[in-house]
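A.B. asks: build me a structure from this.
(one chain, ligands or ions: 1)
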Amino acid sequence: MLGLMSDQQLLISSLIEHSGKYHGQTEIVDCDNDGKIYKTNYSDTLVRVKKLANSLKNLNVNLGDTIGTLAWSNLRHLELYYGVSGIGAICHTINPRLFKEQIIYIINDAKNKLLFVDLDFFDLVVEISNEINTVEHIVVLGKKEDIPNKKNISKKVIAYEDLIENVNALNEWPIFSEKTASSLCYTSGTTGNPKGVLYSHRSTLIHTIAAANPDSFNLSSLDVIMPIAPMFHANAWGIPYVATMIGAKLVLPGRHLDGKSIYNLLEREKVTFTAAVPTIWLMLFQFLETEKKKLNHLKSCAIGGSACPKVMIENFAEKHDVNVIHAWGMTETSPLGTVNRPLNKHKEFTKEQKYELATKQGRPVYGVDIKIKDDERNDLPRDGKTAGNLWVKGPWICKGYMNIIESDVHTKDGWFLTGDVANIDEDGYMQITDRVKDVIKSGGEWISTIEIENITVAHPKVKEAAVIGVKHKKWDERPLLLVVKSEEVSKEEVYEFLADKIAKWWMPDDILFLNELPHTATGKIRKVDLKTKYLNYLIN
Ligand code: AMP
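C.D. replies: Alright, predicted model coming up:
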C-alpha cells in the first residue's frame with residue numbers, strides 16, 4: 001500500500017521560490033571585480049531568475065541541455081544556479097583555474113549549449129571559441145558596454161543584462177521528475193581526464209536540508225553566510241542552496257579572496273558563517289597577524305578540502321572565538337560526507353582534548369554511511385588506528401560518472417571508493433591519513449603524510465608544509481618534508497620540534513625549504529608536481 005502524502009517533486013526552483021516569497025527582503029550582497037559592493041534581496045533576485053529562465057527558453061534551451069559557466073562567486077552566477085536548473089537544464093560550473101586544454105575537454109565532453117562567462121574569462125573563451133563546437137552562444141555576465149570588441153570570435157556574444165532585459169518573468173516553474181539532472185561539476189583529477197559528477201534535483205535538495213542541520217553547519221535565517229569555497233567547486237559546498245533555503249543573508253565574495261578583502265567583507269557584512277579550504281585561512285591569518293586585527297562577528301567556519309591542522313583550529317578559537325567545523329567531502333559526494341561535531345560525552349573534554357578531536361574529519365551526517373576496507377575489499381575494524389580505503393554511500397553520493405559506462409569505483413549496491421585512506425573510531429569519527437596516491441610505504445609500513453604536515457605547521461615559524469614519498473634504496477620510499485617558512489628557521493629546529501611528536505621511523509629523511517608550494521585549482525597542495533621534481537632526491 002502506498003502512502004497518501006503529496007508526490008510533490010523535490011525541485012531546486014522551490015528553494016528560490018521559498019526565499020523570494022518568505023524571506024523577500026533579506027539581503028544578498030554581491031562584490032564586483034573592483035571590490036565594489038552591490039546589494040539586492042531574495043525577492044528581486046527571484047524576479048531576475050524568472051526572467052533568466054524565460055530568456056533561456058527563448059534561446060531554445062530544453063530539458064537536459066547543459067549550460068556552462070566560467071564565473072566567480074557572484075550574483076549572476078547564483079541566478080544561473082536557479083534559472084538554469086529551474087527549467088530542467090543542467091548548470092555546469094567549470095573551474096576557470098584549470099588548464100586551457102582541460103577546460104576545452106570539459107566543455108566538449110559535457111556538450112555545453114551556451115557558455116556564461118565573467119568578463120575575466122572572456123579572453124580565454126575567445127581563444128578557445130573554435131574548439132568548443134557545441135557552444136552556440138557566449139553570454140558575458142555584465143552589460144553590453146562592458147564587453148570588449150573582439151573580432152576574432154566565431155560565436156555570437158550576448159550581454160547577460162541584455163538577455164534578461166525586456167523579458168517577462170516566468171509564470172510557473174515547470175514540474176518534472178526530481179531525479180532529473182540539475183548541475184554538473186568535473187573533478188579536477190590529477191591523473192587522466194576530469195570526470196563529470198552529475199547532481200540531481202533530489203540529491204541537491206536532500207543534501208541542502210542535511211547541510212543546514214545543527215549537527216552539520218547549524219545554520220538558520222539569523223545567520224549571515226559567506227561561501228568562500230568557489231561556486232565552481234562542488235557548488236560552493238552546497239552553501240548557496242542552504243542560504244536560499246533558510247533565507248539567510250548571503251554574501252558572495254567575487255574574485256578577491258586575499259586576506260584583506262576577506263577580512264573587510266567578514267567585518268563589514270557581519271558574516272557569522274563561512275567555509276573554505278585551509279589555504280584561504282592561511283592568507284587571512286597572515287593578514288590578521290600583521291595588521292593586528294580581530295574577527296568580531298564570525299561564529300563558525302567550515303574547513304575542508306584538505307586536512308585542517310590543529311593549530312588552525314586553536315588559532316580560530318583562542319584568538320577570535322570562532323568555532324571550526326572540520327568537514328570532509330568530495331565533488332562526488334555533493335560534497336558533504338562527514339562533519340566533525342562533538343557528542344554529549346565530549347562536554348567534559350578539556351580544551352586540548354576538544355581541539356585534538358576536532359582535527360578528525362568527523363562523523364557521517366544522516367544519510368551518509370562510511371566504511372574502510374583493505375585492498376582485497378575485506379572490512380577493517382573501527383578502532384581509530386587501522387587505516388584502509390575509505391568507501392562512502394548515500395542519496396547524494398554519485399553512482400557513476402558522466403559519459404563513462406564502466407566504473408571500478410562504484411558498486412551496484414551504492415558504495416563509492418573515494419581514493420582516500422582513513423581510519424574510523426568506535427564513535428564513527430573518521431580521520432583521513434592520506435590520498436591513496438600520496439601514501440608513503442616505507443619498508444612495507446604506511447606513513448601518514450597528513451599527520452606529519454599537521455604537526456609541522458604547528459611550528460610558529462612554519463607557514464606551510466608538504467610531505468611526499470621519494471625513492472629510497474633500502475626502504476623503497478621515505479618521507480621528504482618541504483617547508484615554506486613564515487620566519488627564519490633552521491632544519492635542526494624543525495627536526496627538534498618533530499622529535500617528541502612523531503615515531504622515529506616517520507621522521508623525514510630530509511627537510512627542504514621552498515619559497516612556495518604549488519597548489520591545485522581548488523587550493524590543495526599539488527603533490528604530483530612535487531613528487532615528479534623530488535622523486536630521486538634521496539638516491540641521486
Ligand atoms: P574535491 O573533489 O576536489 O573536492 O576533492 C576531494 C578530496 O579532497 C577528498 O577525496 C580528500 O582527499 C580531500 N579532502 C576533502 N576534505 C578533506 C579534509 N577535511 N581533510 C583531508 N582531506 C580532505
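A.B. asks: and this structure, which residues reach the ligand?
C.D. replies: 187-188, 234, 304-307, 326, 328-331, 335, 361, 418-420, 432, 435, 522 (CB under 6 Å from any ligand atom). C-beta here means a position set from N, CA and C on the backbone, and glycine is covered the same way.
A.B. asks: buried sites along the helix or strand of the chain with the lowest mean pLDDT?
C.D. replies: Lowest mean confidence among the helices and strands of the chain (mean pLDDT, DSSP states H and E): strand 445-447, at a mean of 87. Buried positions in strand 445-447, judged by neighbour count with 16 or more other CB atoms under 10 Å: Ile447.
A.B. asks: next one: stretch 151-166
C.D. replies: 155, 157-164.
A.B. asks: quick one: average pLDDT of it?
C.D. replies: Per-residue pLDDT over stretch 151-166 has a mean of 92.
A.B. asks: residues in contact with it: which ones?
C.D. replies: By CB atoms under 8 Å, 6 or more residues apart in numbering, the residues outside stretch 151-166 that reach it are 48, 51-52, 55, 59, 76, 116, 125-126, 129-130, 135-144, 146-147, 150.
A.B. asks: would you show me how to pick out the buried ones of those residues in ChimeraX?
C.D. replies: Here is the ChimeraX command that picks out the buried ones among the contacts of stretch 151-166, judged by 16+ other CB under 10 Å:
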select :48,51,52,55,59,76,116,125,126,129,135,138,139,140,141,142,147
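A.B. asks: thinking again about what came up before, I'd like the next helix or strand past the least confident helix or strand of the chain.
C.D. replies: helix 449-456 (DSSP states H and E).
A.B. asks: can I get that next one in PDB? Just the C-alpha atoms.
C.D. replies: Provided in PDB are the C-alpha atoms of helix 449-456 (Å, rounded to 0.1, in the frame of the first residue of the first chain):
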ATOM      1  CA  THR A 449      51.900  12.500   5.200                       C
ATOM      2  CA  ILE A 450      48.900  14.500   6.600                       C
ATOM      3  CA  GLU A 451      49.900  13.800  10.200                       C
ATOM      4  CA  ILE A 452      53.500  14.900   9.700                       C
ATOM      5  CA  GLU A 453      52.300  18.000   7.800                       C
ATOM      6  CA  ASN A 454      49.800  19.000  10.500                       C
ATOM      7  CA  ILE A 455      52.400  18.700  13.200                       C
ATOM      8  CA  THR A 456      55.000  20.700  11.200                       C
END
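A.B. asks: direction included, what does the helix or strand just after that helix pair against?
C.D. replies: Downstream of helix 449-456, the next assigned helix or strand under DSSP H and E is strand 462-472. Here strand 462-472 is paired, per DSSP bridges, with strand 476-485 (antiparallel).
A.B. asks: give me the contacts around the partner strand.
C.D. replies: With contacts defined as CB under 8 Å, 6+ apart, strand 476-485 is touched by 440-443, 447, 449, 452, 456, 461-472, 489, 494, 506-517, 530, 534, 537-538.
A.B. asks: in it, what's buried?
C.D. replies: Using 16+ other CB under 10 Å as the test for burial, strand 476-485 gives 477-485.
A.B. asks: average model confidence for it?
C.D. replies: pLDDT averaged over strand 476-485 gives 95.
A.B. asks: what packs against the next helix or strand after that strand?
C.D. replies: Next along the chain after strand 476-485, taking DSSP H and E as the criterion, comes helix 491-499. Counting contacts by 3 or more CB pairs under 8 Å, 6 or more residues apart in numbering; DSSP states H and E, helix 491-499 packs against helix 449-456, strand 510-513.
A.B. asks: what about 10 Å?
C.D. replies: helix 449-456, strand 462-472, strand 476-485, strand 510-513 (3 or more CB pairs under 10 Å, 6 or more residues apart in numbering; DSSP states H and E).
A.B. asks: nearest to Glu356, out of the ones you listed?
C.D. replies: helix 449-456 (11.1 Å; CB to CB).
A.B. asks: ok, back up a step: so of the contacts of stretch 151-166, which ones are in helices?
C.D. replies: Judged by DSSP state H, the contacts of stretch 151-166 include 48, 51-52, 55, 76, 125-126 as members of helices.
A.B. asks: how many neighbours does Glu464 have?
C.D. replies: Glu464 has 21 neighbouring residues, counting by other CB atoms under 10 Å.
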